[in-house]
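# I'll drop the sequence and a predicted model, then ask my questions.
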Amino acid sequence: AVVTGQYSSRSVRVEGWQRFMIPGEDYPGAIPSAGSSMAAVLWEGVGAVDLVRLDEFEGDQYQRVPVVVGPEGSPAWIYAWRGQRPLDSTLWDPDAFAQPEVMARFIAKHFPADPPKPS
């Protein structure tokens, strides 16, 4: 719903990072965490226009920063949490996020069927 291109993806591990819950949200905040690692999806060949779209979707609370992923050391980007709200100490659960009711709530919040009209 955010990008316009079709991209291939693969599962990777991101070393030195962890995702935590943002209180009151379904979406996580990722922060550096020494000795930790997290599962992620690497989208390959994302175009410049779609990177801008992703940056706009993530908003000011996140900053795209470079990381290296996988055993082969592939360069990648991650959206690091830079928001003002403190993160919860609870790790974010991607399986819980994928539940139909959680995904429906997230989509309704971020992709309303009838978006507000500019004034």
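Everything's here; your move.

# Would you mind listing the outside residues contacting stretch 23-42?
Contacts of stretch 23-42 with the rest of the structure, by Cβ atoms under 8 Å, 6 or more residues apart in numbering, involve 9-22, 61-62, 69-70, 74, 76, 78-81, 83, 85-88, 92, 94, 97, 102, 105-106. Using the backbone N, CA and C atoms, a C-beta is placed for each residue, glycine as well.

# most residues in a single strand of the chain, which one?
Criterion DSSP state E: the longest strand present in the chain is strand 28-44.

# Can you give me the buried ones in that one?
Pro28, Gly29, Ala30, Met38, Ala40, Leu42, Trp43 (16 or more other Cβ atoms under 10 Å).

# What of stretch 82-94?
Buried, per 16+ other Cβ under 10 Å, within stretch 82-94: Leu87, Trp92.

# Within the helices and strands, which one has Gly5?
Gly5 belongs to no helix or strand when assigned by DSSP states H and E.

# and of the buried residues of strand 28-44, the nearest to Ala1?
Trp43 (14.0 Å; Cβ to Cβ).

# Now name the helix or strand holding Ile107.
Here Ile107 is assigned to helix 100-110, by DSSP H and E.

# List the contacts of Gln18.
By Cβ under 8 Å, 6+ apart, the neighbours of Gln18 are Ala30, Ile31, Ser33, Ser36, Ser37, Met38, Leu91.

# same thing but at 7 Å, please
Gln18 makes contact with Ala30, Ile31, Ser33, Ser36, Met38, Leu91 under the criterion Cβ atoms under 7 Å, 6 or more residues apart in numbering.

# and which of those residues is nearest Glu56?
Ala30 (18.2 Å).

# Do you know the pLDDT at the residue most central in space within the chain?
For the chain, Tyr79 is the residue whose C-alpha lies nearest the centre (Cα atoms, centre = their mean; 5.9 Å). Looking at Tyr79, its pLDDT is 96.
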